[in-house]
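Novice: Give the three-dimensional model of this entry:
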Amino acid sequence: MPAGVIVSFIVVFALIMIAVSVGLKFFDARRKRQVASMLQTASGEPVIAMSNLLKEIEPERRAGLQAVIQSLHFSKHAAEMIQQAGLNWTVSRLMAAMGLMTIPGALLGFTFGGPAGCVGGALVFGTLPYVFVRKKRKKRLDQLEEQFPEALDFLARSMRAGHAFSISLEMIGEEISDPLGQEFRTLFNEQNLGAPLDIALRNFTNRVPLLDCRFFTSSVLLQKQTGGNLSEILARLAYVIRERFRLKGQVKAASAHGRMTATILTLLPIATMLGLLAVAPGYLQGMAADEDGQKMIGAAIIAQLLGNFFIKKIINIKV
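Specialist: Model (predicted):
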């Protein structure tokens with residue numbers, strides 16, 4: 001037998017074995033993801049491995065940064081923020097990012113503002129990761145709020161067609177796109193794995209801290225206790241939510257001038273400072289080197305933050 005035929009056979013056989021191995025690993029990984037998606041804990045954190053459910057593990061003692069973080073109240077708040085933002089982060093990672101961002105902020109602030117600028121720059125840059133998490137959380141909650149009326153209509157139609165409430169939850173988790181579909185799948189999985197309906201709905205409300213979600217939870221629990229047509233209740237709730245959206249749009253249009261004013265008043269001093277640094281580089285350095293000038297710079301930064309805060313409070317109308 002020619003050597004070329006033998007080599008070709010070995011190469012083809014190796015490629016087939018590699019393809020089979022990759023395919024098996026792919027299907028195994030997909031199966032593990034499906035199991036991990038079903039085995040959600042009450043807090044919404046995914047279970048890493050199924051073997052953890054079969055072991056009795058003593059409370060793990062955390063050391064170092066994690067122990068310090070857990071001793072603070074900020075730990076719980078940050079964990080909730082990260083979970084509601086849909087990020088695959090930990091509190092330690094967020095704190096480490098905030099700590100690392102203070103270094104360039106302190107250096108940049110010390111270069112232009114001396115010791116006072118060093119402290120201010122460290123504070124501003126250190127809060128950027130936290131601001132990023134809050135922005136992601138707000139964006140995700142806005143998407144959830146936008147999807148919620150459609151989900152309620154789907155749930156009402158499903159129950160009107162004769163499906164049970166749990167089956168309707170499963171269907172809505174499969175049909176509605178993420179992020180709301182993911183939350184309904186978690187709700188269904190918790191109930192399907194034995195959690196009482198009120199506990200599962202309470203966990204759902206904690207994961208989705210929206211007023212509409214509280215209305216939905218209250219409606220379902222009240223109907224469970226007193227009876228009634230749940231599909232009609234959910235349809236009316238979807239109508240009320242859409243009307244509230246329409247009112248929020250009108251309020252947003254009416255407060256557009258205030259938001260534009262807040263943006264201009266916030267960016268104008270920063271743009272003026274950058275322009276002076278570009279046109280006359282030595283103009284502001286003398287003020288930053290003087291002790292009274294440093295106090296004035298610090299007072300200006302504080303006044304700028306307070307002004308922006310109060311303007312936001314004025315134009316932020318609750319609906």
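Novice: hey, let's count contacts and neighbours off CA atoms from now on
Specialist: OK.
Novice: After the lowest-mean-pLDDT helix or strand in the chain, which helix or strand is next?
Specialist: Within the chain, no helix or strand scores below helix 65-70, which has a mean of 51 by mean pLDDT, DSSP states H and E. Next helix or strand after helix 65-70 toward the C-terminus (DSSP states H and E): helix 74-85.
Novice: what sits up against that next one?
Specialist: Identification of contacts with helix 74-85 by C-alpha atoms under 8 Å, 6 or more residues apart in numbering yields 44, 69-70, 88-91, 133-134, 136-141, 207-208.
Novice: low-confidence ranges in the stretch 1-150 of the chain?
Specialist: By pLDDT under 70, the low-scoring segments of the stretch 1-150 of the chain are 1-15, 17, 19-73, 113, 116.
Novice: what about 90?
Specialist: Along the stretch 1-150 of the chain, segments meeting pLDDT under 90 span 1-127, 142, 144-146.
Novice: need the strands for it, in chain order.
Specialist: With DSSP state E, counting those that start in this stretch as the criterion, the stretch 1-150 of the chain has no strands.
Novice: Let me see the ranges of the helices in it.
Specialist: Using DSSP state H, counting those that start in this stretch, the helices found in the stretch 1-150 of the chain span residues 3-38, 65-70, 74-85, 91-126, 128-160.
Novice: Nearest spatial neighbour of Gly181, chain-adjacent residues omitted?
Specialist: Among residues not flanking Gly181 along the chain, Gly173 sits closest, at 4.5 Å (C-alpha to C-alpha, 6 or more residues apart in numbering).
Novice: Show me what the host helix or strand of Thr261 is packed against.
Specialist: Secondary structure from DSSP H and E places Thr261 in helix 256-279. Helix 256-279 sits against helix 291-315, with contacts defined as 3 or more C-alpha pairs under 8 Å, 6 or more residues apart in numbering; DSSP states H and E.
Novice: who touches the helix it packs on?
Specialist: Contacts for helix 291-315 (C-alpha under 8 Å, 6+ apart): 113-114, 116-117, 120, 255, 258-259, 262, 265-266, 287-288.
Novice: what about 6 Å?
Specialist: Applying C-alpha atoms under 6 Å, 6 or more residues apart in numbering, the contact partners of helix 291-315 are Ser255, Met287, Ala288.
Novice: How about stretch 209-227?
Specialist: Here stretch 209-227 makes contact (C-alpha under 6 Å, 6+ apart) with no residue beyond itself.
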